[in-house]
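*Asks:* Pasting a predicted model and its sequence here:
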Amino acid sequence: MGHWSSGAGSLSSRRSILVRAVLSARGPDGSPAEVEGWGECPAMPEPTYSADYLDGEEQVLERFLVPALLRSGVVRTEDVRSALAGTKGHHPAKASLEGALLDAETRLSGTRTADWLASRSASGGRPRERVPAGVAIGLGGPVGRLVEEVGRRVEEGYRRVKLKIRPGWDREPLAAVRQQWPALVLFADANGAYAASGPEEAAKELAPLSELGLAALEQPLGDDDLVGHARFAELTDLPVCLDEALPSVAALGSALRLGACRVANIKASRMGGYLNALSALDVCTSRGVPAWCGGMVETGVGRAANLALASLPGFSLPGDLSASGRFFAPDIVVPPLVLGPDGDLALPAGAGSGVDLDARLLDRASTRRTWLGA
Ligand code: MG
């Protein structure tokens, strides 16, 4: 993959954990059949986005989460959360197990993941067949090169661009992009980079962004600083959005109660699964809070599951949902997720997430495989 840099660290190659769940069933003629589903644990290689990191998630999956799931005998997606509740935290690992079972269960019943999620959403509605895409662009100068990169993404069809920012790299790059593309849906993501300033000082530092028509200013302060974000929100008219500070549906409720955000980033891997993400979306929909579907640097496995989630009509802003080619050439799934002419991604037609692993590419990319059978 190309180099990627944010306030939460940088990457130039991507290791990820893919989880394969196999459900045994009976075929149409009564003979035993097996259906497999895939989930992804997209924790970062180092604990820079959250305390979770890839090797730690691998260990917690093997030592605690998979044994707990197997012991529980759970075969329904809806029961995964309670089966894993004995282990605290480790949301990306939990989301990968739930995601794998969700994919397998929906494939078994011939249902698309998107339809399955929509049928369980309190806000109702059907999934959108075309989902607006968005692209995130990493830190790093000079501004001229950034503007060129945004230009390439806009030409590819993206209508929503998110720039990573940090102190010293905020107003100037955002203003340069805004000047070129007045109608672009523009987000800025600080990944907590203004935490050391505190809310009052950060509000002063970021005040010049108010004239740039941002649709979201994401996570200026620390992960655990809801009160600080509430104070920041009092001092600014910027559309404050939270990401790292919303690890759970309860945290989202607290944030809204405190006035710590006006917009929510809903991310299944951060919230411990797709059903928690769905509950968070229902909270936002019922309170009229604009929400969008966030992502990590996932392969097509996690990306297709995020696409299913992002297709739900409650998401009112385009999310971190880019085509396979944004980070990986080639991606490990078929068909790859390709950007349509209107800057959107089509929901795949097939059951489950609608994409399959390319076995040859998976073989080539695999460094380790473990089977933890019942
Ligand atoms: Mg973010």
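*Replies:* Cool, got the structure.
*Asks:* So residue 176 belongs to a strand, correct?
*Replies:* No: counting by DSSP: H, G, I helix; E, B strand; the rest coil, one finds residue 176 to be helix, located in no strand.
*Asks:* Surely it touches residue 145?
*Replies:* No: using Cβ atoms under 8 Å, residue 176 is not in contact with residue 145, being 10.7 Å away. (Each C-beta comes from the backbone N, C-alpha and C, glycine too.)
*Asks:* Give me the more crowded residue out of these two.
*Replies:* residue 176 (15 against 10; other Cβ atoms under 10 Å).
*Asks:* Can you report how many residues lie near the residue in the chain that the ion sits nearest to?
*Replies:* Using Cβ to the ion, the closest approach of the chain to the ion is made by residue 243 at 3.6 Å. Residue 243: 25 surrounding residues under other Cβ under 10 Å.
*Asks:* Contacts only, for it.
*Replies:* When contacts are counted by Cβ atoms under 8 Å, 6 or more residues apart in numbering, residue 243 touches 189, 191, 218-219, 265, 267, 270, 294.
*Asks:* Same check on residue 178?
*Replies:* Applying Cβ under 8 Å, 6+ apart, the residues near residue 178 are 184, 186, 212-213.
*Asks:* How about residues contacting whatever helix or strand residue 71 lives in?
*Replies:* Residue 71 belongs to helix 66-72 when elements are defined using DSSP states H and E. Contact partners of helix 66-72, identified using Cβ under 8 Å, 6+ apart, comprise 79-80, 83-84, 86-87, 97, 372-374.
*Asks:* Now do the helix or strand hosting residue 186: everything it contacts.
*Replies:* Here residue 186 sits within strand 185-189, counting by DSSP H and E. Contact with strand 185-189 is made by 6-7, 134, 136, 159-165, 170, 174, 177-178, 209, 212-219, 241, 243, 317-318, as judged by Cβ under 8 Å, 6+ apart.
*Asks:* Show the residue spans covered by the helices in the protein.
*Replies:* 54-60, 66-72, 80-84, 91-109, 113-119, 143-156, 171-180, 198-206, 226-234, 249-258, 268-271, 274-287, 300-310, 359-365 (DSSP state H).
*Asks:* Can you tell me which helices and strands the third one packs against?
*Replies:* In other words, helix 80-84. If you count contacts as 3 or more Cβ pairs under 8 Å, 6 or more residues apart in numbering; DSSP states H and E, helix 80-84 packs onto helix 66-72, helix 91-109.
*Asks:* May I have that helix as CSV, with CA atoms only?
*Replies:* Provided in CSV are the C-alpha atoms of helix 80-84 (Å, rounded to 0.1, in the frame of the first residue of the first chain):
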residue,chain,number,x,y,z
VAL,A,80,-21.7,-12.9,20.3
ARG,A,81,-21.5,-9.8,22.5
SER,A,82,-22.8,-11.6,25.6
ALA,A,83,-20.5,-14.6,25.0
LEU,A,84,-17.5,-12.2,24.9
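*Asks:* What parts of the chain come near the ion?
*Replies:* When proximity is defined as Cβ under 5 Å from the ion, the chain approaches the ion at 189, 218, 243.
*Asks:* hmm, back to that, wait, which of the contacts of helix 66-72 is closest to residue 196?
*Replies:* Comparing those against residue 196 with Cβ to Cβ picks out residue 87 as the nearest, at 32.1 Å.
*Asks:* burial count for the closest one?
*Replies:* 15.
*Asks:* residue contacts, it?
*Replies:* 60, 64-65, 68, 94.
*Asks:* For these, which entry has the maximal number of neighbours?
*Replies:* Going by other Cβ under 10 Å, residue 94 tops the contacts of residue 87 with 29 neighbours.
*Asks:* Touching, it and residue 64? I think so.
*Replies:* No: counting by Cβ under 8 Å, residue 94 stays clear of residue 64, with 10.3 Å between them.
*Asks:* show me where pLDDT drops low in the protein?
*Replies:* Applying pLDDT under 70 to the chain flags residues 1-12, 27-28, 326-329, 374.
*Asks:* now do 80
*Replies:* 1-14, 26-32, 123-124, 140-141, 324-330, 374 (pLDDT under 80).
*Asks:* Centre-most residue in it?
*Replies:* Central residue of the chain (Cα atoms, centre = their mean): residue 295, 2.1 Å from the mean position.
*Asks:* Tell me which residues touch that residue, please.
*Replies:* For residue 295, counting by Cβ under 8 Å, 6+ apart, the contacting residues are 42, 267, 302-303, 306, 319-321.
*Asks:* how about a cut-off of 6 Å?
*Replies:* Contact analysis of residue 295 by Cβ atoms under 6 Å, 6 or more residues apart in numbering lists 306, 320.
*Asks:* Which phi and psi values does the spatially closest residue to residue 354 that is not a sequence neighbour adopt?
*Replies:* Leaving aside its chain neighbours, residue 354 sits nearest to residue 348 (2.6 Å; criterion: Cβ to Cβ, 6 or more residues apart in numbering). With angles defined as degrees, to the nearest 10, residue 348 sits at phi -60, psi 150.
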